[in-house]
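Student: Need coordinates for the below:
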Amino acid sequence: MKPLGLALLATLAGGCAVGPHYAGPPPTTAVPDSFPAAAGVTGGAAAARWWDDLHDPLLASLIAKALADNPDLANAEARVQQSRAAARVAGAAFYPALNAAADVSRDRLSRNGESLALIPSLFTPPTTEFTDYRAGLDASWEIDLAGKTRREVEAAVARFGSSEATRADARAVVAAGVADAYIDYRDSSLRLGPARDAATAARETARLTGLELEAGVASESDRDRAEADSQAAEAALPPLEVGQQSALFQLASLVDTPVSDLRTQLESQASLPAPPAEVPAGLPADILRRRPDILQAERELAAATADVGSAVADQYPRLTLVGDAGWDSIHPGTLTNAASRYWNLSPQLTLPLFAGGRLHAAVEASEAARRAALESYRSTVLKALADAESAIVRYAAEQERSTALAAASARLTMAADLEQRRYSAGDASRIDALTAQRAADQAVDALLVSQALVVQDYVALAKSLGGGWQGADARGGR
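Tutor: As a prediction, the model looks like this:
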């Protein structure tokens, strides 16, 4: 009978899990076969460490430092460890709980109480005071008949996966944040030089226009326009200086480095990183398994599905095996004798009959939470696709704009050089040369802005495709 009993116990422990079975993320018809065609974007597999393609060692080292030591990432890592432990706690319910206990108690029985009232006086114990010595084990084990424990473990494991995806998303955000702050600093620094030159040229133009007014060869409106241009050129400097400092402070906070040390590192070079000639984007379906926000939403859907099964299982019978065994004696010298041994085995079966509708309401609540998680997943997928498609279009468009601005800047620079030669030869005025130079400086400024946007659009595109967190390399090589 013993093998039969063990087989029956294994069957009961295996049981069946009630509630819906999660079969993976639901299919969505919103995923297109390919991304929109765009110049500079190919269909190859998207890069994980996208910053390596910028070929900027300083930027790569700053990103590695931020990924290795950032408080937001440390917080996310702690959440992962917490959810991992919670999954182990849920899994422990599969096993019996065993406790050891020992106690000594001093007791006195009432001679007039019910314990002795029905005992004839002839058999009344000579004493009603004694010391009881007790040592033993107690155990309990709930058989997972309806699969409640399995559903709870499924939910805990899914939430552990969700926390891992949240950590991955935090890594992607930090990497992109470092790159954006780095590009902002480089952009502001590069634009400050031409902006100061333009302000100097505008001041000189205003001064010369004032002299021409005194000489009667310029009108007051010419002088007013020149002074207004000078003031506008001066007003363009503070935002650039503030932008440079703000980007420096933001970058310092991300990489946890003193501002003075970081400024020294940044001043060692002065150029913007250049994105690759071709950016591989992969297929739209790829981002379903690459983007951490989608993975997080999918894991939350899996957990919500398991929660439904757990709530349904509360409506089914529950079988718990409870028992204890040990030694009990009022004489310490006989505690370990065979006569002092005791044991008790008590299978307990409970079936909920009436709970005021609480169990049914719990099922309804969990089913509603599952529907909400499903819609959240669908929304996340749709937003991710729109994000990636928009990033591709912006990146391609800004590249075209940057190319046009580069051609315009080259022409205006040539025109400024020609006007300077004419001024040197006496064929043009100083104001004409300064005006041409200012136009060239403004074109350079517009080009620098566009070039910085190209790099930032590249970063946004890489992040939208799910890059920046996968694998050990994304953690700075640790």
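
Student: C-alpha only now, for contacts and for neighbours.
Tutor: Will do.

Student: looking at this, Gly136 is in a strand?
Tutor: Yes: under DSSP: H, G, I helix; E, B strand; the rest coil, Gly136 falls within a strand.

Student: Over to the nearest residue to it once chain neighbours are set aside: give its phi and psi.
Tutor: Counting by Cα to Cα, 6 or more residues apart in numbering, Gly326 is the residue found nearest to Gly136 once chain neighbours are left out, at 3.7 Å. Dihedral pair for Gly326: phi 170, psi -150, per degrees, to the nearest 10.

Student: and Arg150, how far is that from Asp132?
Tutor: Using Cα to Cα, to the nearest Å, Arg150 is found at 42 Å from Asp132.

Student: and the two? which has more neighbours close in?
Tutor: With neighbours defined as other Cα atoms under 10 Å, Arg150 and Asp132 compare such that Arg150 has more, 24 against 16.

Student: Secondary structure element for that one, which one?
Tutor: helix 148-215 (DSSP states H and E).

Student: so how far is that helix from its chain's centroid?
Tutor: 19 Å (Cα atoms, centre = their mean, to the nearest Å).

Student: Just confirm Leu321 is within a strand.
Tutor: Yes: assessed by three-state DSSP, Leu321 belongs to a strand.

Student: tell me which residues form a beta bridge with it?
Tutor: Trp141, Pro347 (DSSP bridges).

Student: Show the contacting residues for it.
Tutor: 140-143, 345-348 (Cα atoms under 8 Å, 6 or more residues apart in numbering).

Student: If we use 7 Å, what do you get?
Tutor: 140-142, 346-348 (Cα atoms under 7 Å, 6 or more residues apart in numbering).

Student: where's it relative to Thr149, distance?
Tutor: For Leu321, the distance to Thr149 - Cα to Cα - is 15 Å.

Student: Same question for Ala181.
Tutor: Applying Cα to Cα to Ala181 and Thr149 gives a distance of 48 Å.

Student: what about Ala443, how many residues close to it?
Tutor: When neighbours are counted by other Cα under 10 Å, Ala443 comes out with 22.

Student: now Thr413
Tutor: By the criterion of other Cα under 10 Å, Thr413 has 20 neighbours.

Student: How about Lys65, nearest residue that isn't a chain neighbour?
Tutor: That would be Val255: by Cα to Cα, 6+ apart, it lies 5.9 Å from Lys65.

Student: so who does the one you found touch?
Tutor: Taking Cα under 7 Å, 6+ apart as the test, what Val255 contacts is 62, 65-66, 70.

Student: Turn those into a markdown table, including pLDDT and distance to Glu389.
Tutor: Converted to a markdown table, the contacts of Val255 look like this (pLDDT from 0 to 100; distance: Cα to Cα, whole Å):
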| residue | pLDDT | distance to Glu389 |
| --- | --- | --- |
| Leu62 | 96 | 28 |
| Lys65 | 95 | 30 |
| Ala66 | 95 | 28 |
| Asn70 | 91 | 30 |
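
Student: Can you select the buried ones from those in ChimeraX?
Tutor: To isolate the buried ones among these in ChimeraX, judged by 16 or more other Cα atoms under 10 Å, type:
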select :62,65,66,70
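
Student: What's the local residue count around Ala102?
Tutor: Counted by other Cα under 10 Å, the residues lying close to Ala102 total 12.

Student: and the gap between it and Ala338?
Tutor: In terms of Cα to Cα, Ala102 sits 17 Å off from Ala338.

Student: do the same with Val322
Tutor: For Val322 relative to Ala338 (Cα to Cα), the value is 23 Å.

Student: One more: Glu164?
Tutor: 55 Å.

Student: okay, these two: which has more neighbours?
Tutor: Glu164 (23 against 9).

Student: Next up, identify which helix or strand the closest residue to Pro258 other than its chain neighbours is on.
Tutor: In this structure, Pro258 finds its nearest non-sequential neighbour in Ala252, 6.3 Å apart by Cα to Cα, 6+ apart. Using DSSP H and E, Ala252 falls within helix 237-255.

Student: How many residues are close by the residue nearest to Gly136?
Tutor: Residues within reach of Gly326, counting by other Cα under 10 Å, total 19.

Student: Also the one 4 residues further on?
Tutor: Using other Cα under 10 Å as the criterion, Ile330 is surrounded by 17 other residues.

Student: Ok, Val363 next?
Tutor: Neighbour tally, Val363, other Cα under 10 Å: 21.

Student: distance between the helix or strand where it lies and the chain's centre?
Tutor: Assigning secondary structure by DSSP H and E places Val363 in helix 358-424. When distances are taken as Cα atoms, centre = their mean, helix 358-424 is centred 19 Å away from the chain's centroid.
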